[in-house]
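Q: Need coordinates for the below:
(4 chains)
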Number of protein chains: 2
Amino acid sequence: MLLYQEIRDYLFTLIAQDKTLKKLPSERELQEHFNSTRITVREALMRLEVEGIIYRQNRKGWFICPPRLEWNPVNKVNFYQLAKEQSFDANTRLVSIDCAALVGEKNQTITSAFSLNNHAEFYQICRVRSLDHRPVMVEEIYCQAEHFHGLAEKELTGSITAIFKDDYNVNVTAERSSIHVTALPESVAKLLHLNSGASCLKIIRQRFSQHKTLVDYNIEYWVHGAIEIKVDSY
Amino acid sequence: MLLYQEIRDYLFTLIAQDKTLKKLPSERELQEHFNSTRITVREALMRLEVEGIIYRQNRKGWFICPPRLEWNPVNKVNFYQLAKEQSFDANTRLVSIDCAALVGEKNQTITSAFSLNNHAEFYQICRVRSLDHRPVMVEEIYCQAEHFHGLAEKELTGSITAIFKDDYNVNVTAERSSIHVTALPESVAKLLHLNSGASCLKIIRQRFSQHKTLVDYNIEYWVHGAIEIKVDSY
DNA sequence: CAGTGGTCTAGACCACGAT
DNA sequence: TCGTGGTCTAGACCACTGG
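A: Coordinates of the predicted model:
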């Protein structure tokens, strides 16, 4: 039996047995307990991290993942309602809203999704969403400035879809999502108080109006271990 | 700038610049190139692994991930058709088929999904699917033995859905999928020639017949970096 | 056989968090 | 200030792959 496997199994059992446990012993305590080194202890911890059982907060320690939020990308349910149904305390923090043209190679994808050139101005909204005071998702929203004058003055911690509908008469009627696994980029990790390089689900959503035009382009980074996707089809 | 970040960026550029590159330099070569240690080099490699850019084959080296298969869990398209549309060479290998009662705690979930007790017999099929000769998915299929007599004698490398329909007159009409990120279990990793602990997408699919009864229970492990999920909704 | 990654030891210094 | 994780060094032996 490999040593890091033994440590992993020990911690796994520890977590399974004590449902009230929130935080793991420190790396140095574990090192001593197993007469080993930090490298080996960390190997075990990183396995559990990939499994979505624990996560780390930068220099604070290793914590046990609470239950996941179940999310159906097909149902257009809003975040608060979904969280409430599953007994989570949901919260949204507006990080920034800017209005500018999109430059740079990365943004090229976005402007061309709107079939626009580099001069078009976009609102860029960045928000952090939390469940039970744990930040679990960072969202970047891009939409055309000319269609949403005054958006920056709205209350942007709730449903953007509702604002589009009520204040601008734009209905989101269709949506295309693309989902894959990747690592948290540095900037996103910082907002989540996590380490860059942690595994995450990146969801790109393009939402379309009743006129079939692209309303907004969203990039969501979900903390690995905080979400479970459910899809029904008939 | 952190050293492992530098190494990561160096490799990232290397991969971006040479699209024909299949395999990375060895860990010891990189260690020498950067005047560093294997631990640090491996830190960089593991970041790229989490990002889904490279993967490793047990003791063979680090390889660059080919393009991902785009998959829509809502469309009931079969694997070969999907692969062909995206110019992949698809293949399925039957690993095992058994017929037995399901015992053990892990299997409890499965029997109860069928609303059956521990004595009910199930066919258990295990298959490995490859794209362009790279194993990318392990699939475990469970279905009630009494409904599919003689299943073990069928050709099981193609579409199971087609066999259900053509040979047993059972049509899959609805499906419920649950998707989350986790680590490859040891047994699955071995079948994929990968290391246990690598990040993967675990997809659990429950498929229902025209009579609303559960036809089969599938567990799929997709190699991280081999799949991208696309969902449309209206 | 030589070369690869897999695992492990025994340290070190640093930045940041909690107090 | 002290404890935490974050990063890094400089080795070691082993199991397995490939020629």
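Q: Report the distance from the longest helix along chain A to the chain centre.
A: Longest helix in chain A, counting residues (DSSP state H): helix A:3-17. What separates the centre of helix A:3-17 from the centre of its chain is 27 Å, taken as Cα atoms, centre = their mean, to the nearest Å.
Q: Residue numbers of chain A in contact with DNA strand C?
A: A:2-5, A:35-40, A:43, A:58-60 (Cβ under 7 Å from any atom of the strand). Any C-beta I mention is one placed from the backbone N, CA and C, and that applies to glycine too.
Q: what do you get if the cut-off is 6 Å, keeping everything else the same?
A: When proximity is defined by Cβ under 6 Å from any atom of the strand, chain A lies next to DNA strand C at A:2, A:3, A:4, A:36, A:37, A:38, A:39, A:40, A:43, A:58, A:59, A:60.
Q: Which positions in chain A make contact with DNA strand D?
A: So far as Cβ under 6 Å from any atom of the strand goes, chain A lies against DNA strand D at A:26, A:27, A:28, A:38, A:39, A:56, A:58, A:59, A:61, A:62, A:195.
Q: Please name every helix or strand in contact with the helix or strand where the fifth one lies.
A: By that I understand residue A:39. Remark: residue A:39 resides in helix A:38-50, with elements defined by DSSP states H and E. In terms of contacts (3 or more Cβ pairs under 8 Å, 6 or more residues apart in numbering or on different chains; DSSP states H and E), helix A:38-50 is packed against helix A:3-17, helix A:27-33, strand A:54-57, strand B:172-183.
Q: CSV for these, including mean neighbour count and mean pLDDT?
A: As requested, the helices and strands packed on helix A:38-50 are exported to CSV (neighbours: other Cβ atoms under 10 Å in any protein chain shown; pLDDT from 0 to 100):
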stretch, mean neighbour count, mean pLDDT
helix A:3-17, 15, 96
helix A:27-33, 14, 96
strand A:54-57, 20, 94
strand B:172-183, 19, 92
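Q: how about JSON lines for those, with distance to residue A:200 added?
A: Below are the helices and strands packed on helix A:38-50 laid out as JSON lines (distance: least, Cβ to Cβ, whole Å):
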{"stretch": "helix A:3-17", "distance to residue A:200": "21"}
{"stretch": "helix A:27-33", "distance to residue A:200": "23"}
{"stretch": "strand A:54-57", "distance to residue A:200": "11"}
{"stretch": "strand B:172-183", "distance to residue A:200": "8"}
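Q: among these, which is nearest residue B:112?
A: strand B:172-183 (14.8 Å; Cβ to Cβ).
Q: Can you check what angle separates the closest one from helix A:38-50?
A: Interaxial angle, strand B:172-183 versus helix A:38-50 (axes from the mean of the first three to the mean of the last three Cα atoms, to 10 degrees): 160 degrees.
Q: Now the helix or strand following strand B:172-183: average pLDDT?
A: The element immediately downstream of strand B:172-183 (helix or strand, assigned by DSSP H and E) is helix B:186-191. Helix B:186-191 shows a mean pLDDT of 92.
Q: and the helix or strand following helix B:186-191 with chain A, contact?
A: Sequence-wise, the next helix or strand downstream of helix B:186-191 (DSSP H and E) is strand B:199-209. Yes. Strand B:199-209 comes into contact with chain A (Cβ under 8 Å from any Cβ of the partner chain), by way of B:199, B:201.
Q: Compute the mean per-residue pLDDT across strand B:199-209, please.
A: For strand B:199-209, the per-residue pLDDT averages 94.
Q: between it and helix B:38-50, how big is the angle?
A: 30 degrees.
Q: Restricting to C-alpha, output strand B:199-209 in PDB.
A: Extracted as PDB, the C-alpha positions of strand B:199-209 are listed here (Å, rounded to 0.1, in the frame of the first residue of the first chain):
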ATOM      1  CA  SER B 199      -9.200  14.400 -13.200                       C
ATOM      2  CA  CYS B 200     -12.200  13.000 -15.100                       C
ATOM      3  CA  LEU B 201     -15.800  13.700 -15.800                       C
ATOM      4  CA  LYS B 202     -18.100  11.100 -14.300                       C
ATOM      5  CA  ILE B 203     -21.400  10.900 -16.000                       C
ATOM      6  CA  ILE B 204     -24.200   8.800 -14.600                       C
ATOM      7  CA  ARG B 205     -27.000   8.100 -17.000                       C
ATOM      8  CA  GLN B 206     -30.400   6.500 -16.200                       C
ATOM      9  CA  ARG B 207     -32.300   5.600 -19.300                       C
ATOM     10  CA  PHE B 208     -36.000   4.900 -19.400                       C
ATOM     11  CA  SER B 209     -38.200   2.900 -21.700                       C
END
